[in-house]
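# Model the structure of this input:
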Amino acid sequence: MVQNRRTRIRSEILAIKDHDAEVVRSFKCLGTVINNTNEEAEEIKARTLAANTAHSSLRNVFVYINQSTAIIK
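Numbers count the residues shown, from 1 in each chain. This next block holds a predicted model:
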C-alpha cells in the first residue's frame, strides 16, 4: 500500500504478473480527466479552469485589439 504525501490518501497496488500498477481515483490523459466513477463534473471543472486561465493571459491582447480597431469619429 502506498500513501500519497499531498493528499494523505492510501492507494492500492495492483499486481499483474511481475508488474505493479497503482490504482488511482483520476488521471489526465490527452487533456481529458478520467476518473473511476465516470462523472463529468471534474472534467467540466478542469476545462472551465483552463479556459479562464487562457482568457486571463490574453486579456491585454483583447484590449489592444479593441482599441486599435475602434472607429474614430
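# And the residue nearest the centre of the chain, what's its pLDDT?
Nearest to the mean C-alpha position of the chain, by CA atoms, centre = their mean, lies A46 at 4.3 Å. Looking at A46, its pLDDT reads 89.
# which ones are touching the nearest residue to it once chain neighbours are set aside?
Nearest residue to A46, sequence neighbours excluded (CB to CB, 6 or more residues apart in numbering): V33, at 4.9 Å. No exception for glycine: its C-beta is placed from N, CA and C like everyone else's. Neighbouring residues of V33 by CB atoms under 8 Å, 6 or more residues apart in numbering: S26, F27, E42, E43, A46.
# Buried ones among those?
The neighbour count (16 or more other CB atoms under 10 Å) marks E43 as buried among those.
# rewinding a little: what helix or strand is the residue nearest to A46 located in?
Assessed by DSSP states H and E, V33 sits inside strand 32-35.
# tell me which residues in that strand are buried?
Applying 16+ other CB under 10 Å to strand 32-35 flags V33 as buried.
# strand partners of that strand, parallel vs antiparallel please.
Strand 32-35 sits in its sheet next to strand 26-29 (antiparallel), going by DSSP bridges.
# Now tell me what touches the partner strand from outside.
For strand 26-29, using CB under 8 Å, 6+ apart, the contacting residues are V33, I34, N35, N36, E42, A46.
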